[in-house]
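Have a look at this fold, sequence not included:
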């Protein structure tokens, strides 16, 4: 259920790489449950290997949002630059007040970059970190 909840919020934020990871997580969890119930060792091995990859991915997400080890959301990390990636929580977090700001240059199309967000109780980075930490705890 936690992966499905995370999938929904990643769809809302158009985070395509995490959407693919969440989809694979849901499929492999179903296979792992089936393998456990039917005692299919190959399914259990696939589930075990995937769980190690899933924990690694979530540790990477935590490091990415907390900017640990030289990772930066503003830099040119090509993996995330390829995808138009924006956390849904950036504008819709608890207590956030969202305001659209008109572009200062004439002829510039309006997009997400002209949204001002204030008053958030907790920053979106920490909400994403909490989601990844919950995924790690459930995996272990």
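Yes, it's here. These figures come from a predicted structure and were not determined experimentally.

mind checking how far residue 33 is from residue 126?
31 Å (CB to CB, to the nearest Å). Yep, even glycine has a C-beta here, placed from its N, CA and C like the rest.

got it, and residue 67?
Separation of residue 67 from residue 126 (CB to CB) stands at 12 Å.

Pull up the overlap in contacts between the two.
With contacts defined as CB atoms under 8 Å, 6 or more residues apart in numbering, no residue is adjacent to both residue 67 and residue 126.

mind checking how far the residue lying closest to residue 31 once chain neighbours are set aside is from residue 25?
Ranked by CB to CB, 6 or more residues apart in numbering and with sequence neighbours excluded, the top spatial neighbour of residue 31 is residue 43, at 5.1 Å. Applying CB to CB, the value for residue 43 to residue 25 is 15 Å.

again, but for residue 67
Between residue 67 and residue 25 the distance, using CB to CB, works out to 25 Å.

Chain neighbours aside, what residue packs nearest to residue 19?
Per CB to CB, 6+ apart, closest to residue 19 is residue 10, 4.9 Å.

Buried residues of the helix or strand containing the one you found, list them for me.
Using DSSP states H and E, residue 10 sits within helix 2-12. Neighbour counts over helix 2-12 (16 or more other CB atoms under 10 Å) mark 3, 6, 7, 9, 10 as buried.

Next: stretch 57-77.
Within stretch 57-77, judged by 16+ other CB under 10 Å, the buried ones are 57, 58, 61, 62, 64, 65.

So which of these sit within strands?
Among the buried residues of stretch 57-77, DSSP state E puts none in strands.
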